[in-house]
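Chemist: Pasting a predicted model and its sequence here:
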Amino acid sequence: MNFTMLVTVVLTAIAFVAIVVLLSWLISPRSYNEQKMEPYECGLPTRGGSWMKFRVGYYLFAILFLMFEVETVFLFPWAVVTRDLGVAGLMGVLFFLFILILGLAYAWRKGALKWK
Amino acid sequence: MFDFSIVTNWIHEWLLSLMPEGWAIFVECVAVGIGIILLYALLAIILIYMERKVCAAFQCRLGPTRVGPWGSIQVICDVLKMLTKEIFTPKGVDKKLYNLAPYMILLASFLTFACLPISKGLEVLDFNVGIFFLLAASSIGVVGILLAGWSSNNKFSIIGAMRSGAQIISYELSAGMAILTMVVLAGTMQISDMVSGQSNGWLIFTGHIPALIAFVIYLIAGNAECNRGPFDLPEAESELTAGYHTEYSGMGFGFFYLAEYLNLFIVAAIAATVFLGGWMPLHIPGLDGFNTVMDYIPGFVWYFGKAFFVVFLMMWMRWSFPRLRIDQILALEWKYLVPISMVNLLLMAIIVTLGWHF
């Protein structure tokens, strides 16, 4: 039943957007002129394309995020059974988290967290 | 506490007596879909009205007062107006991605919305990996934001989208860590189990100091994930006009607006579920008379009460602090919140292993 509901929710989201767009298209006025279709800029014609080289800092943080997020995913199965594992499990995770924090400290020291 | 699965089972039996099983399930699915859409739209209207009134109160204004009593019809009129505006695609945009972006954002929003346990037996999606699914589904939203910014072929949009991407993925880390801390305490990822495990005390009370730290971290990260409050520079209107949805018109813009407010509610509702006990009434061990009286208040009243309390806290944060710069935002996350939440997780693990929690 749960997966039926999952499909239902996905279809609901798609149907909601599609129906509202259709409804809006049916009742809204339509007009056309050259200026209206131009990219928005504060009153001036825009210069050059927008698909350009972008600052590398953003991607650096994305790579860092990827690393830490994957390691958080590994922690979830452990989190559920912390109580049953006892001290032995705690030691294992202590070691895992120690390596994780070491990684963050390395990135910090290397200057990856500094916005240049 | 009233169990809503009695009602849903009764409806299921009644439908089975009228038609074959396949059709009965189809009718139920359609009913659930319509129910979700209605609740979604209703909550969006309430939240936008609340935001305008709360913001006005913080700035010593009155807010909307003209349309309807206390301006209560104002938001409905705004929605109707937006619906009658033309949706047009500007020249030079990437048409496929441009039109796909609202679908992605609304999909993420609906999937997380359906996971919320509104009352006992009223969960639409209740997996055994519930909270994990919820985190995974909520991160689809950032793909929609990046698509919208990239495909618009506008410099404001792309700057807004890039800022938003960097900010949302960064803060997802500490939000996930805060929830992970509470999963350690609760010992389950199923949302309904998590709520029913809090019948003798909400997790924020049973988890000592780590639970409180996790709550504060979650509130900060949640505000950043909704692009709100001191973290609203993806759509900082004084520098980027509207950020990633600059090029969207009419209802195209309306979807982003809708999803933004619903995401605020969803973040608050997750906080209410994970930290404040979901639909569980306030129970104080030992005071049986008090507990019995509290049990008479229906579950969904408790749930919406807690969720709107957290929403109010987040609005308070938004209207009290000035906007941060991008380097300050990233430094706050990576140099403070991530190390603190890792140590906090460790602290909680030690407390749970040694049995020091209540």
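Modeler: Looks like it came in fine. Numbers count the residues shown, from 1 in each chain, chains lettered A, B, ... in the order given.
Chemist: When you work out contacts or count neighbours from here on, use the C-alpha atoms and nothing else.
Modeler: OK.
Chemist: after the one helix or strand B:L147 maps to comes which helix or strand?
Modeler: Here B:L147 sits within helix B:140-151, counting by DSSP states H and E. Using DSSP H and E, the helix or strand that follows helix B:140-151 towards the C-terminus is helix B:155-186.
Chemist: what about the closest residue to B:G187 other than its chain neighbours, how many neighbours?
Modeler: Excluding the flanking residues, the one nearest B:G187 by C-alpha to C-alpha, 6 or more residues apart in numbering or on different chains is A:V80, at 4.5 Å. Number of residues near A:V80 (other C-alpha atoms under 10 Å in any protein chain shown) recorded here: 19.
Chemist: ok, residues contacting the helix holding B:L147?
Modeler: The set of residues external to helix B:140-151 that reach it, using C-alpha atoms under 8 Å, 6 or more residues apart in numbering or on different chains, is A:51, B:93-95, B:97-98, B:100-109, B:157-162, B:164-165, B:168-169, B:243-245.
Chemist: Buried ones among these?
Modeler: Using 16 or more other C-alpha atoms under 10 Å in any protein chain shown as the burial test, the contacts of helix B:140-151 include B:93-94, B:97-98, B:101-109, B:157-162, B:164-165, B:168-169, B:243-245 as buried.
Chemist: On the three-state scheme, A:S50 is what?
Modeler: Look at A:S50: counting by DSSP: H, G, I helix; E, B strand; the rest coil, its state is coil.
Chemist: So for it, what pLDDT did the model give?
Modeler: As predicted, A:S50 sits at a pLDDT of 74.
Chemist: give the contact list for it.
Modeler: Contacts of A:S50 by C-alpha under 8 Å, 6+ apart are B:N153, B:N154, B:K155, B:I158.
Chemist: What helix or strand is A:W115 located in?
Modeler: Under DSSP H and E, no helix or strand contains A:W115.
Chemist: Could you double-check that it lies in contact with A:Y58?
Modeler: No: A:W115 lies out of contact with A:Y58 (C-alpha atoms under 8 Å); the separation is 9.2 Å.
Chemist: Do a quick rundown of the helices in chain A.
Modeler: With DSSP state H as the criterion, chain A has helices at A:2-27, A:56-80, A:82-110.
Chemist: Serialize those to a markdown table and add fields for distance to B:V293 and mean pLDDT.
Modeler: Formatted as a markdown table, these follow (distance: least, C-alpha to C-alpha, whole Å; pLDDT from 0 to 100):
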| stretch | distance to B:V293 | mean pLDDT |
| --- | --- | --- |
| helix A:2-27 | 34 | 88 |
| helix A:56-80 | 33 | 84 |
| helix A:82-110 | 33 | 85 |
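Chemist: how about CSV for the ones you listed, with distance to B:E28 added?
Modeler: CSV is the format used below for the helices of chain A (distance: least, C-alpha to C-alpha, whole Å):
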stretch, distance to B:E28
helix A:2-27, 10
helix A:56-80, 33
helix A:82-110, 39
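Chemist: one step back: run through the buried ones among the contacts of helix B:140-151 and flag the ones next to chain A.
Modeler: B:P102, B:Y103, B:L106, B:L107, B:I158, B:M162, B:I169 (C-alpha under 8 Å from any C-alpha of the partner chain).
Chemist: now, the most widely separated pair of the residues you listed?
Modeler: Farthest pair in these (C-alpha to C-alpha) is B:L107 and B:I158. Separation: 21.7 Å.
Chemist: Of all residues in chain A, which one is nearest the centre?
Modeler: A:A62 (9.1 Å; C-alpha atoms, centre = their mean).
Chemist: give me the number of residues near B:I118?
Modeler: There are 20 residues near B:I118, going by other C-alpha under 10 Å.
Chemist: now do B:A31
Modeler: Around B:A31 there are 11 residues (other C-alpha under 10 Å).
Chemist: Find me the pLDDT at the residue positioned nearest the centre of chain B, would you?
Modeler: Centroid-nearest residue in chain B: B:I266, 1.5 Å away (criterion: C-alpha atoms, centre = their mean). Here the pLDDT value assigned to B:I266 is 91.
Chemist: Mind putting the ones next to chain A among the buried ones among the contacts of helix B:140-151 into a markdown table with distance to B:M294 and pLDDT?
Modeler: Output for these, formatted as a markdown table (distance: C-alpha to C-alpha, whole Å; pLDDT from 0 to 100):
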| residue | distance to B:M294 | pLDDT |
| --- | --- | --- |
| B:P102 | 42 | 89 |
| B:Y103 | 41 | 90 |
| B:L106 | 36 | 90 |
| B:L107 | 36 | 91 |
| B:I158 | 50 | 85 |
| B:M162 | 47 | 86 |
| B:I169 | 39 | 87 |
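Chemist: wait, which of these is closest to chain A?
Modeler: B:L107 (5.3 Å; C-alpha to the nearest C-alpha).
Chemist: show me the contacts for the nearest residue to that closest one once chain neighbours are set aside.
Modeler: In space, and not counting its chain neighbours, B:L107 is closest to A:A13: 5.3 Å by C-alpha to C-alpha, 6+ apart. By C-alpha under 8 Å, 6+ apart, A:A13 lies in contact with B:Y103, B:L106, B:L107, B:F110.
Chemist: Would you quantify the distance from A:A13 to B:F110?
Modeler: 6 Å (C-alpha to C-alpha, to the nearest Å).
Chemist: got it, and A:R83?
Modeler: 33 Å.
Chemist: And B:K91, by the same measure?
Modeler: Counting by C-alpha to C-alpha - B:K91 and B:F110 are separated by 31 Å.
Chemist: Those two - which one has more neighbours?
Modeler: Using other C-alpha under 10 Å as the criterion, B:K91 and B:F110 rank with B:F110 on top: 27 against 15.
Chemist: from memory that one sits against A:V9, does it?
Modeler: Yes: counting by C-alpha under 8 Å, A:V9 is a contact partner of B:F110 at 6.8 Å.
Chemist: just for chain B, where's the confidence low?
Modeler: Residue ranges of chain B with pLDDT under 70: B:1, B:236-237, B:357-358.
Chemist: By residue count, what's the longest helix in it?
Modeler: helix B:21-58.
Chemist: How far off centre is that one?
Modeler: In this view, helix B:21-58 has its centroid 13 Å away from the chain centroid, taken as C-alpha atoms, centre = their mean, to the nearest Å.
Chemist: and if you look at stretch A:68-82?
Modeler: With C-alpha atoms, centre = their mean, you get 19 Å for stretch A:68-82.
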